[in-house]
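**Q** Got a predicted structure here, sequence first:
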Amino acid sequence: MAAPTAERTAVPAELSESADTAAPPGALARVVGPDVDGFGDRYWGRAPLLVRGADSAGFRDVLDLDGVDELLSRRGLRTPFLRLAREGAVVDSGWFTGPGGVGAEIGDQVRDDKVATLFAEGTTVVLQALHRNFSGVIDFTTVLAEELGHPVQANAYVTPPASRGFSAHYDVHDVFVLQLAGRKHWTVHAPVHTDPLRDQPWTDHARAVADRARADPPAIDTVLEPGDAMYLPRGWLHAATALGDVSAHLTIGVHVLTRFALAEALTALCGQDQDLRASLPLGIDVADPEQLAPYLDAVRTALSDALRDVPAEAVARHVRGLVWSGGRPEPVRPVAGAAFAEGLAAGDAVRRRTGLHHRLLDHNGQVVLELPDRRISLPAAVAAPLRALLSGATFRVGELPGADEADQVVLVRRLLREGVLVPATRT
């Protein structure tokens, strides 16, 4: 393997981290540096970004090797929450899963001893969907998803010394790489298929991917150390090899909403047009281009007319489900939350759940709170305090605008029980 080289000028210059921030950075700023707007303008969906020393503590509050061991040995993981990879290929789960034993009659619980053996032999451990089952990752990705406006997932890759998990490939989602432990040599190449969609995996271009990774100079050829971070837009080729000790990194995948999603929404909504719903003739051979051609021309004309009549409101309602159902908001504590709501009193502090998707509408003399799975209708009189609570700021009961204390208690208790609000730490 060639020695790692400095970052190449084919990639825009790295953003530097400022040491004197006035407030703790958000999740995105922890990864890309304080110039979040600059990241959005110059890198998002366009080019890779490498940030040295993004987190001086190596993101230990998100995940560390002790957390990895806890997940593998004490959390009762089942497939598909764990994958193992060896020499670029996925290991059959039968090699590292087995029965759960008395009281857990399942057949695919992870066997920590089997994983230990395979890891010692050079197998990479891939912990999947950590945004659903490990608290540090849940907290980080919940905030990140709200800041990005796109759903996210998180996998951890733990690689034995001098081992390579997966060969050069691209992802169909953007990724943020957070180096957690050890050192890992990364090579990144320009896309062979720019901005791939979810149904356009790298295996569709396997030969071109292999040729580019073998013959072309990399855009990035570097070693990540704990606390370093890297952003890769979807489609950029990448491969990584551990150096020296065990290496671990967290990959946060961003399931970006694309312009093609808007195109799909528009065409779906055009189903309201009667001409486009008409049947094709009896006996038509749809495999014959000559028979199909006149109907395609008619559809193109009708589709063009129908597209102009689709309102933005309808498209927004259609595509929001892709984001609203793509992840869960901040976890709630059912038992503690119920006790807090029951004893709610003036001075208690609350805030909106981080990552809770919502929309507030005025309808027939009421305010309607639309959530991913339901609508909550409330009296119009609570519009002012409700808007304040949905802003994301922390409020104390009794200090909300536009309602007396008794009404505030009723409103806040209702929203706590609906999972809209959570208790906030008092300041």
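**A** Perfect, I can see it now. Numbers count the residues shown, from 1 in each chain.
**Q** Would you mind writing the CA trace of the longest strand seen in the chain as PDB?
**A** Ranked by number of residues, the top strand in the chain under DSSP state E is strand 237-254. Coordinates of each C-alpha in strand 237-254 appear next as PDB, following Å, rounded to 0.1, in the frame of the first residue of the first chain:
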ATOM      1  CA  LEU A 237     -15.800   6.300  -4.300                       C
ATOM      2  CA  HIS A 238     -14.100   5.400  -1.000                       C
ATOM      3  CA  ALA A 239     -12.200   2.600   0.700                       C
ATOM      4  CA  ALA A 240     -10.500   2.500   4.100                       C
ATOM      5  CA  THR A 241      -7.800   0.300   5.700                       C
ATOM      6  CA  ALA A 242      -6.900   0.200   9.400                       C
ATOM      7  CA  LEU A 243      -3.400   1.100  10.500                       C
ATOM      8  CA  GLY A 244      -1.700  -0.200  13.600                       C
ATOM      9  CA  ASP A 245      -4.200  -0.700  16.400                       C
ATOM     10  CA  VAL A 246      -7.900  -1.400  16.200                       C
ATOM     11  CA  SER A 247      -9.700   1.400  14.200                       C
ATOM     12  CA  ALA A 248     -13.300   2.500  14.600                       C
ATOM     13  CA  HIS A 249     -15.300   5.100  12.800                       C
ATOM     14  CA  LEU A 250     -18.900   6.100  12.800                       C
ATOM     15  CA  THR A 251     -20.600   6.600   9.400                       C
ATOM     16  CA  ILE A 252     -23.600   8.800   9.400                       C
ATOM     17  CA  GLY A 253     -25.600   8.400   6.300                       C
ATOM     18  CA  VAL A 254     -27.800  11.200   5.100                       C
END
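**Q** What helices and strands are in contact with that strand?
**A** Judged by 3 or more C-beta pairs under 8 Å, 6 or more residues apart in numbering; DSSP states H and E, strand 237-254 is in contact with helix 65-74, helix 135-148, strand 152-159, strand 174-189, helix 206-215. C-beta: built from backbone N, CA, C; applies to glycine.
**Q** Quick check: bridge partners of the spatially most central residue of the chain?
**A** Nearest to the mean C-alpha position of the chain, by C-alpha atoms, centre = their mean, lies Val152 at 0.4 Å. Counting by DSSP bridges, Val152 forms beta bridges with Val254.
**Q** mind listing what it touches?
**A** Val152 sits next to 131, 141, 144-145, 252-255, 327 when contact means C-beta atoms under 8 Å, 6 or more residues apart in numbering.
**Q** Quick check: of these, which lies closest to Arg351?
**A** The closest of the contacts of Val152 to Arg351 turns out to be Ala145 (C-beta to C-beta; 17.1 Å).
**Q** quick one: contacts for that closest one?
**A** For Ala145, the contact set (C-beta under 8 Å, 6+ apart) comprises 151-152, 326-327, 355.
**Q** Check Gln291 too.
**A** By C-beta under 8 Å, 6+ apart, Gln291 lies in contact with 284-285.
**Q** tell me the pLDDT at it?
**A** Gln291 carries a pLDDT score of 95 in this model.
**Q** quick one: it from Val62, how far?
**A** 58 Å (C-beta to C-beta, to the nearest Å).
**Q** Tell me how many other residues crowd Ser325.
**A** When neighbours are defined as other C-beta atoms under 10 Å, Ser325 has 12 of them.
**Q** you'd agree it is up against Pro372?
**A** Yes - between Ser325 and Pro372 a contact is recorded at 6.0 Å, counting by C-beta atoms under 8 Å.
**Q** Could you dump the helices and strands packed on strand 237-254 into JSON lines with mean pLDDT and distance to Leu389 added?
**A** JSON lines is the format used below for these (pLDDT from 0 to 100; distance: least, C-beta to C-beta, whole Å):
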{"stretch": "helix 65-74", "mean pLDDT": "96", "distance to Leu389": "34"}
{"stretch": "helix 135-148", "mean pLDDT": "97", "distance to Leu389": "16"}
{"stretch": "strand 152-159", "mean pLDDT": "96", "distance to Leu389": "25"}
{"stretch": "strand 174-189", "mean pLDDT": "96", "distance to Leu389": "30"}
{"stretch": "helix 206-215", "mean pLDDT": "95", "distance to Leu389": "49"}
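**Q** quick one, which of those is nearest to Asp92?
**A** helix 65-74 (17.8 Å).
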